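J.: Next come a sequence and a model predicted from it.
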Amino acid sequence: MLFHTSLKQTLRTPVKLIAYFLVTALAAASFCVGLNQETSAQNNFAAAEESFTTVAVPTLYADSTPDGYLYHALEPEEFQKLISKYTMKYMPRKYFYSGYKAVASSEYDLSSIRSAIGVESIDVCGRFGAYVNGSLFRGYNPLDYPNMQDVIIFTYNGESEIDIVPGLGVESAEIPITVIFSANTNLYYGNSISLENNIDAEMAADAASRNANWKQGMEFTEEGSFRLKPGKQYIAILEDVWGAPESAAWSKPINAKQAAISNDYYHAPHGYYFQEYPEDGKLRYFLPIAEYGDGFFQTDAGAYFEETLRGYQTTANSLTAIATEDLAAMRPFHSGGVHISQGRSFSEEEYTRGVKVCIVSEYMAELNGWRLGDTVSLSFYPCAGKYYVDSDEMNVVRSQNSLCVYPVKDFFDEGEYAIVGMFAGNVNAGSKQPYTRGVSLDAVNVLLPTNSVANAPLPEISQYTTSIRLKNSEAQAFMAE
């Protein structure tokens, strides 16, 4: 695995380096007065010129999976065991090879970098879900896929039975319903919804082979059609929920107008055909709609649906925590794209002692009525990571903010966090404003001192998470080493 770095600073003399990211002197200077407090930075370039910080950004190159993680080559006998366990169709994505490229990994040993000439410190940001204990409105962000998932319980109000037929090109069925329960607080439902059936014959056969009671009171055909009956109640796992926003900023819940019944992204976050089996190789699978009634959650199917319901409920009521030991060196801040717009950064004492303080986005504070000094109760869990989609030039980061995925059942830590600051600038807030990938933060990010969280998963090392703070006078020597 190769390790490359690039300097996040404009140097006065030429230097050989692998540069994939350029920052102007203005951006570097604007960061160094306080923590990029916009006004003071703009007015004091002379002081900034003397004190700006040099940060190197690492890029790890290795054999990669389609999601931008380390690919581990398998011996022939290991591969045959996996084939017999999964079959190629259901092989998890971590076993697929996608080429030699930039990767994210928690396995790289940074000790040689820590001891290199000129290195003052290294910060690797952690990332995990932060469930808000109490009400949270995230805003509907069409660029953040978990916003488009839900589990609902509804009554079918049609006057006659209706068959929902699967297949590409089949027109969605507009059905009259009354929604009794929804797991996603970013959505609400009217008196009807346009429902698309993406269950295919193979999914139906798979469910039938795994569960004797796979129909769970429903009338399914072998092709994947299902029948709704007047007055009956159903529970459904919905994907691609879409609707009409009440405001251009997506700052209010969305009236859900259409949805697809196709998959279960809690148990199978990469899609039905890339299901992550448990170690025993046994995956329960139920089709994503069932007849609902008293005692449903005491059945095998009910337990399965409840897991998905809790997962989606957790996702919809969560922020994505970013844990750091050096906010000033984080790529979004050091680039000048993101700044502390209200309040302050973390103090050295807060970093060292792990004081429970946090910094939230202005956008999220506005949506939820948060002010400086308010306390937010957070419970933490492992969530789906950022993963990387191939492009012609380089991997492009794609977010799965707060996405709770199987087998998460418990929180690994929790605490009451005081809001000491807010950030703004290059922030992904849906359609509210444009942003630039890679050097941005997301509106649902909440920034925390690393030591304030216990039992967190290992952070991933990549150009998006890792910053190497250098002594200005030894930056070129570090790059030459």
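T.: Happy to help now that I have it.

J.: which residues sit in contact with Ser377?
T.: Each residue near Ser377 by CB atoms under 8 Å, 6 or more residues apart in numbering is listed here: 132-134, 414-417. All C-beta atoms are positioned from the backbone trio N, CA, C, and that covers glycine.

J.: Could you rank these by neighbour count and give me the top one?
T.: Counting neighbours by other CB atoms under 10 Å, Tyr417 comes out on top of the contacts of Ser377 with 24 neighbours.

J.: Please report how far that one lies from Asn428.
T.: Here Tyr417 is placed at a distance of 22 Å from Asn428 (CB to CB, to the nearest Å).

J.: Likewise for Ala418?
T.: From Ala418 to Asn428 the distance is 25 Å (CB to CB).

J.: Can you pick out the residue with more neighbours from the two?
T.: With other CB under 10 Å as the criterion, Ala418 and Asn428 differ in neighbour count, and Asn428 comes out ahead with 23 against 13.

J.: how about low-confidence regions in the chain?
T.: For the chain, the stretches flagged by pLDDT under 70 are 1-52, 83-92, 140-147, 168-169, 212-216, 245-251, 273-283, 387-399, 430-438.

J.: Domains of it: list them as residue ranges, please.
T.: Partitioning the chain according to automatic domain parsing yields domains covering residues 2-132+318-480, 145-316.

J.: Kindly present those domains as JSON lines, with separate columns for distance to Gly139.
T.: Converted to JSON lines, the domains of the chain look like this (distance: least, CB to CB, whole Å):
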{"stretch": "domain 2-132+318-480", "distance to Gly139": "5"}
{"stretch": "domain 145-316", "distance to Gly139": "5"}
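
J.: All the helices of the protein, in order from the start?
T.: In the chain, the helices defined using DSSP state H lie at 25-31, 38-42, 45-51, 76-86, 111-114, 201-210, 300-316, 331-334, 348-353, 362-368, 475-480.

J.: Between the ones you listed, which one is closest to Ala102.
T.: Taking CB to CB as the criterion, Ala102 comes closest to helix 331-334 out of the helices of the chain, the separation being 14.1 Å.

J.: Counting by contacts, list what the closest one packs against.
T.: Counting contacts by 3 or more CB pairs under 8 Å, 6 or more residues apart in numbering; DSSP states H and E, helix 331-334 is packed against helix 25-31.

J.: Pick the most buried one from the helices of the chain.
T.: Mean neighbours per residue, mean count of other CB atoms under 10 Å, is largest over the helices of the chain for helix 331-334, with a mean of 26.

J.: Output the contacts of Ser377 in JSON lines; the columns should cover distance to Ser172.
T.: As requested, the contacts of Ser377 are exported to JSON lines (distance: CB to CB, whole Å):
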{"residue": "Val132", "distance to Ser172": "33"}
{"residue": "Asn133", "distance to Ser172": "37"}
{"residue": "Gly134", "distance to Ser172": "36"}
{"residue": "Glu414", "distance to Ser172": "41"}
{"residue": "Gly415", "distance to Ser172": "44"}
{"residue": "Glu416", "distance to Ser172": "45"}
{"residue": "Tyr417", "distance to Ser172": "43"}
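
J.: ok, so of these, who is nearest Asp63?
T.: Checking these against Asp63 with CB to CB, the nearest one is Glu414 at 37.7 Å.

J.: now that closest one, nearest residue through space, not along the chain?
T.: Residue nearest to Glu414 in three dimensions, not counting chain neighbours: Ser379, with 4.0 Å by CB to CB, 6 or more residues apart in numbering.

J.: residue contacts, that neighbour?
T.: By CB under 8 Å, 6+ apart, Ser379 lies in contact with 130-131, 133, 411, 413-414.

J.: and of those, the nearest to Asn157?
T.: Nearest to Asn157 among the contacts of Ser379: Tyr131, at 34.0 Å, using CB to CB.

J.: Pull the number of nearby residues for the closest one.
T.: Tyr131 has 24 neighbours, counted by other CB under 10 Å.

J.: Relative to Phe411, how far out is it?
T.: Separation of Tyr131 from Phe411 (CB to CB): 7 Å.

J.: and what of Tyr69?
T.: Using CB to CB, Tyr69 is found at 24 Å from Phe411.

J.: Mind checking which of the two has more residues around it?
T.: Between Tyr69 and Phe411, counted using other CB under 10 Å, Tyr69 has the larger neighbour count: 22 against 18.

J.: Who does that one form a beta bridge with?
T.: When bridges are called by DSSP bridges, Tyr69 pairs up with Ala104.

J.: from memory it sits against Ser106, does it?
T.: No: using CB atoms under 8 Å, Tyr69 is not in contact with Ser106, being 9.3 Å away.

J.: which residues does the residue nearest to Glu414 form a beta bridge with?
T.: Counting by DSSP bridges, Ser379 is bridged to Tyr131, Glu414.

J.: can the helices of the chain go into a markdown table with extra columns for distance to Ile461?
T.: Putting the helices of the chain into a markdown table (distance: least, CB to CB, whole Å) gives the following:
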| stretch | distance to Ile461 |
| --- | --- |
| helix 25-31 | 23 |
| helix 38-42 | 29 |
| helix 45-51 | 28 |
| helix 76-86 | 26 |
| helix 111-114 | 10 |
| helix 201-210 | 37 |
| helix 300-316 | 25 |
| helix 331-334 | 13 |
| helix 348-353 | 20 |
| helix 362-368 | 27 |
| helix 475-480 | 17 |
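
J.: Indicate which one of these is closest to Asn451.
T.: Asn451 lies closest to helix 348-353 among the helices of the chain, at 6.7 Å (CB to CB).

J.: Endpoint to endpoint, stretch 115-133 covers what distance?
T.: Distance across stretch 115-133, first residue to last, is 42 Å (CA to CA, to the nearest Å).

J.: Report the buried residues of it.
T.: Buried positions in stretch 115-133, judged by neighbour count with 16 or more other CB atoms under 10 Å: 116, 118-120, 122-132.

J.: contacting residues for Asp410?
T.: With contacts defined as CB under 8 Å, 6+ apart, Asp410 is in contact with Tyr381.

J.: Tell me which of the helices of the chain lies nearest to Leu287.
T.: Closest among these, using CB to CB: helix 201-210, at 4.9 Å.

J.: ok, residues contacting that closest one?
T.: Identification of contacts with helix 201-210 by CB under 8 Å, 6+ apart yields 214, 220-224, 272, 283-287.

J.: Among those, name the ones in strands.
T.: Mapping the contacts of helix 201-210 onto strands (DSSP state E) picks out Phe220.

J.: could the contacts of helix 201-210 be laid out in CSV, adding neighbour count?
T.: Listed next are the contacts of helix 201-210 as CSV, based on neighbours: other CB atoms under 10 Å:
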residue, neighbour count
Trp214, 21
Phe220, 18
Thr221, 14
Glu222, 9
Glu223, 12
Gly224, 22
Tyr272, 21
Leu283, 16
Arg284, 15
Tyr285, 19
Phe286, 24
Leu287, 24
